[in-house]
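> for reference, the sequence and a predicted model appear below.
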Amino acid sequence: MKKINESFTCINCHQNITQADKTCRNHCPYCFVSLHVDWDIPWDRNTDCWWTMYPIDYQTKHWSIKILFQCSKCGKQHWNKRSLDDQVDQLNKLIEIYKPFFF
Ligand SMILES: [Zn+2]
Ligand SMILES: [Zn+2]
């Protein structure tokens, strides 16, 4: 897995996102919006979609949280691990906000 780990500005909430600790960050820790840049494997960059992906569901298993993202353009879904500093207590609320875009 190629590691791309740099700070960026969130396209959705415009917070300045610093580098993640020990992990490749691929979504915003505040609003959980990410960009559709991967097709099957994280960071494979195998798509030219580049649209916004929103969290629509999540799973808790053995104390770790996996988040399901869906692309708002092509509908592609994929699961991602949370980052340590993700504001997961906001996740439920955010999913409710984003849901009307998809259902
Ligand atoms: Zn954000
Ligand atoms: Zn897409």
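Looks like it came in fine. The structure presented is a predicted model; accordingly, all values stated were derived computationally and were not measured. Numbers count the residues shown, from 1 in each chain. Ligands and ions are numbered 1, 2, ... in the order given.

> the helix or strand hosting residue 60: which residues count as buried?
Here residue 60 sits within strand 52-61, counting by DSSP states H and E. By 16 or more other Cβ atoms under 10 Å, the buried positions in strand 52-61 come out as 52-56, 58. (Each C-beta comes from the backbone N, C-alpha and C, glycine too.)

> so which of these also contact ligand 1?
Counting by Cβ under 5 Å from the ion, nothing from the buried residues of strand 52-61 sits close to ligand 1.

> wait, which of those is closest to ligand 2?
Nearest to ligand 2, judged by Cβ to the ion, of the buried residues of strand 52-61 is residue 53 at 7.1 Å.

> which ones are touching the closest one?
27, 33-36, 69-72, 76 (Cβ atoms under 8 Å, 6 or more residues apart in numbering).

> rerun that using 6 Å as the cut-off
34, 36, 69, 71 (Cβ atoms under 6 Å, 6 or more residues apart in numbering).

> I'd assumed residue 51 was in contact with the last one.
Yes - at 5.5 Å, residue 71 counts as touching residue 51 under the criterion of Cβ atoms under 6 Å.

> nearest residue to residue 49 other than its sequence neighbours?
Nearest residue to residue 49 in three dimensions, chain neighbours excluded: residue 36, at 4.3 Å (Cβ to Cβ, 6 or more residues apart in numbering).

> so what's the residue count around the one you found?
21 (other Cβ atoms under 10 Å).

> tell me the pLDDT of it.
pLDDT, residue 36: 89.

> distance check, it against residue 89.
For residue 36, the distance to residue 89 equals 26 Å [Cβ to Cβ, to the nearest Å].

> how about the contacts made by the residue nearest to the spatial centre of the chain?
Nearest residue to the geometric centre of the chain (Cα atoms, centre = their mean): residue 27, 3.4 Å. Applying Cβ under 6 Å, 6+ apart to residue 27 gives the contacts residue 34.
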